[in-house]
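J.: Need coordinates for the following:
(3 chains)
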Amino acid sequence: MSLRAATRVTRGLSGLLPCWGHGQARAPPLLFCQQRNNSTSPKIRVEFNPTSGVAVMHMQSPPVNSLSLDFLTEFCIGLEKLEMDKGCRGLIITSSQPKVFSAGLDILEMYGRSPERCGEFWKAVQEMWLKLYGSDMITIAAINGSSPAGGCLMALTCDYRIMADQPRYTIGLNETLLGIVAPFWFKDTMANTVGHRTTEMALQLGLLYNPSEALKVGLVDQLVPEDQILSAATQTMTKWLAIPDHARQITKSMMRKPTIDRLTSNREADIQNFVNFITKDSIQKSLRAYLEILKKKKT
Amino acid sequence: MSLRAATRVTRGLSGLLPCWGHGQARAPPLLFCQQRNNSTSPKIRVEFNPTSGVAVMHMQSPPVNSLSLDFLTEFCIGLEKLEMDKGCRGLIITSSQPKVFSAGLDILEMYGRSPERCGEFWKAVQEMWLKLYGSDMITIAAINGSSPAGGCLMALTCDYRIMADQPRYTIGLNETLLGIVAPFWFKDTMANTVGHRTTEMALQLGLLYNPSEALKVGLVDQLVPEDQILSAATQTMTKWLAIPDHARQITKSMMRKPTIDRLTSNREADIQNFVNFITKDSIQKSLRAYLEILKKKKT
Amino acid sequence: MSLRAATRVTRGLSGLLPCWGHGQARAPPLLFCQQRNNSTSPKIRVEFNPTSGVAVMHMQSPPVNSLSLDFLTEFCIGLEKLEMDKGCRGLIITSSQPKVFSAGLDILEMYGRSPERCGEFWKAVQEMWLKLYGSDMITIAAINGSSPAGGCLMALTCDYRIMADQPRYTIGLNETLLGIVAPFWFKDTMANTVGHRTTEMALQLGLLYNPSEALKVGLVDQLVPEDQILSAATQTMTKWLAIPDHARQITKSMMRKPTIDRLTSNREADIQNFVNFITKDSIQKSLRAYLEILKKKKT
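T.: Residues are numbered from 1 along each chain as shown, chains lettered A, B, ... in the order given. Sure, this is the predicted structure:
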């Protein structure tokens, strides 16, 4: 089965699975159980260690782990499989691509696409956030490269963020620099992490922070030399695994549920809002200009 | 009259008194006026200085000022008496027990008790928080010992926190370590003090901070050598007493009312929620295991 | 035309203009276009540079830029003119008076006035805040002097605050010191800037911060030597002007709209609340005492 076909099927399945199972009894692992450990797919590679109960998700979509519809679909399926596996208690997310954690939303999904396709894409972005921000697992971002926009969002949804102490790397919600706008749930996630004022200034200016600035404002929790990032993440995970799961999960849900509810109760409107905005002529023009800059950079 | 009978009576009275008189005219001092100054009861000792208008409440319930139903009842009665006394403008809360401010909720009130008794206990915990967080008086916690869980909550409800600079002492909402969960109003009180992100991580991990860490995250406002804690509290109190009461009280109410309203409008559901959770077999098992560890420690 | 007559006329006009045009299409510049550049009025002097798109508003109402009804009316008209001018993208607010940015609300507007007049005054204070906090322009406060109470509020509504590094200058919402209370939208604006806890303590104590303290808690963003304040503001403005206006404006609105909505949906009640409070005998007595202290200071 081609990747295309695979993602189509799984996307279909995705609709049958609970969007966010937090607080409910976990459904028994169904379809994915057979192929549980060390599944490999083109854009995501998952290593699961049943002894420790920890999975490591390597994002390996060249060149920069852009969040395309295909990427997000695979990502959410991978996440769902782990979430349904009672043996999996912790998840470390990291990148296999050099110098980048994730470059964020794939601009090609927003430029020159039909409104229907844009809507489908945005729903997948929402799904990724809902699943990750509401995950019952302990989630740690091992940020071993730059992480702008959607890449930063992905890191912010985790429980803990460790960044490689490499001054060239940057992280931040820099949407305004492209003439677009971080939606309210990106904003909420950032404000929950660094507070209202830092968020207000960062989002208006599209600030990208280097690692030591990011640590200072609280956008990340810890800096380590790049070659120690996975061992540091594993060490931190051990500390978190010592906490009884049930109490930790209820506590996490209590902290995040109001923010999650804001999106789930406005999901359709948020999609419509995105589609209307992104398909505007002026915005499409901005994106084309940006794509041309990117093209020139490559040559 | 035995302590038991006394608390039963006063608990009865308590129902007749406004739960939280903030913003209303203070009721004229009624029953307690006669015995106003320097009242002494087994678990709480109150020293009131009519000249300064400041009361010091010494918690003296061996060994660790656990918040039992009896303790909470006495505490609330003492608080109510001071609150109704127009001459009393400030309250300093401290401990007479060595090395501990308060060890928090008494586990014996949660283990092996009937649902009714658990509900009565939880109502008393709510009452303590409502009275203290909404107090018209200036409240200062002089934290001269460790202050986990409910002890930390008590400190967080005050207007200002001074902690003894003794590295062995710790403070924090560490409920998850016991397999239980800090309820939403514990969470709200902590988030109002140290922000959303610090609260999210601290509650998930059940973090206990030493004094300098607590100062750094804002869980306490000031550290002093242990033998200077009461004089430091008195000095701070003098600064606060310089502010016109009426304006300060309205301001305090404006800051805290939304948080207080969340509990008052969900009080019964919160009790039910606690009772359902704490009487679960799995939770009772956790508590028994914890009690056995405590027993072993003693021997 | 006398100042009095001028402000009466303009106040009348003000009612015809949208209170807060954020998110709506900007109305075409109407009445004020003819006299657009470098308008001069007694209490406010505006320098507009059409090349940079930046206006500098000099507050020049001796002795201390008190926010009187006349001052506020002129200020709002000046702001409205700039807001409607598509060529104006940024606004720097500063003071022409020595040692003071603005001393805040004019006490003479609150002492010995009729309820009607008090209500009219309060509406103008609300208007100033609504216009400034919701401005589509980039707003920078160049705080070249002390800035208590309403002066601090004005600074807090801007996007960025630069303060002269002169230790004698102070800034803060010190209302309680006068026996009055900062209303909820002053509180919201401060909490959005420095968080809940710092706000709670600062408002209860009426804290005035010197520049380095203000920087530390985040009440201001940057300190510079006093003679460099306008050049520093211009430099910061250049950075903000590099961001596409539309994306920045939507982002700003997303951050501030919930706070603005709280006032717009309670505006009449807030006026009534202010009038009831300020016309109380006890409060009038406090204000008279304060005015007498001020008089003595002068002689």
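J.: CA atoms for contacts and neighbours, from now on please.
T.: Will do.
J.: what does the stretch 51-200 of chain A have sitting close to chain C?
T.: Where proximity means C-alpha under 8 Å from any C-alpha of the partner chain, the interface of the stretch 51-200 of chain A facing chain C comprises A:176-182, A:184, A:195-197, A:200.
J.: repeat that for 6 Å
T.: Within the stretch 51-200 of chain A, the positions lying close to chain C (C-alpha under 6 Å from any C-alpha of the partner chain) are A:176-177, A:179-181, A:196-197.
J.: how about those residues in a markdown table, adding distance to residue C:144, secondary structure and pLDDT?
T.: Listed next are those as a markdown table, based on distance: C-alpha to C-alpha, whole Å; DSSP: H, G, I helix; E, B strand; the rest coil; pLDDT from 0 to 100:
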| residue | distance to residue C:144 | secondary structure | pLDDT |
| --- | --- | --- | --- |
| A:176 | 31 | helix | 96 |
| A:177 | 31 | helix | 92 |
| A:179 | 34 | coil | 91 |
| A:180 | 35 | coil | 92 |
| A:181 | 34 | coil | 95 |
| A:196 | 26 | helix | 98 |
| A:197 | 22 | helix | 98 |
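J.: could those go into CSV alongside neighbour count and distance to residue B:65?
T.: Formatted as CSV, those follow (neighbours: other C-alpha atoms under 10 Å in any protein chain shown; distance: C-alpha to C-alpha, whole Å):
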residue, neighbour count, distance to residue B:65
A:176, 25, 54
A:177, 19, 56
A:179, 21, 58
A:180, 21, 56
A:181, 26, 53
A:196, 21, 38
A:197, 20, 40
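J.: Let me know the closest of those to residue A:257.
T.: Lowest distance from residue A:257 to these (C-alpha to C-alpha) belongs to residue A:196, with 18.4 Å.
J.: so who does the closest one touch?
T.: Residues in contact with residue A:196, defined by C-alpha atoms under 6 Å, 6 or more residues apart in numbering or on different chains, are residue C:192.
J.: do that again at 8 Å, thanks
T.: Contacts for residue A:196 were tallied using C-alpha atoms under 8 Å, 6 or more residues apart in numbering or on different chains; they are C:192-193, C:195, C:255.
J.: Give me the subset of those residues that lies in strands.
T.: Nothing among the contacts of residue A:196 maps onto strands, per DSSP state E.
J.: Now for the residues you listed: which two are most distant?
T.: C:195 and C:255 (14.3 Å).
J.: from the residues of the stretch 51-200 of chain A next to chain C, which is closest to chain B?
T.: Using C-alpha to the nearest C-alpha, residue A:196 is the member of these that lies nearest chain B, at 10.2 Å.
J.: what about residue A:209, neighbour count?
T.: Residue A:209 sits with 24 neighbouring residues when counted by other C-alpha atoms under 10 Å in any protein chain shown.
J.: Wait, it touches residue A:170, no?
T.: Yes. With contact defined as C-alpha atoms under 8 Å, residue A:209 and residue A:170 form a contacting pair (5.2 Å).
J.: Tell me which residue is most central in chain A.
T.: Closest residue to the average C-alpha location of chain A: residue A:154 at 2.6 Å, with C-alpha atoms, centre = their mean.
J.: all strands of the stretch 151-299 of chain A, in order?
T.: For the stretch 151-299 of chain A, the strands defined by DSSP state E, counting those that start in this stretch occupy A:160-164, A:171-172, A:222-224.
J.: can you narrow the contacts of residue A:196 to ones near chain A?
T.: C:192-193, C:195, C:255.
J.: Just the pLDDT for residue A:211.
T.: Per-residue pLDDT puts residue A:211 at 98.
J.: All set, thanks.
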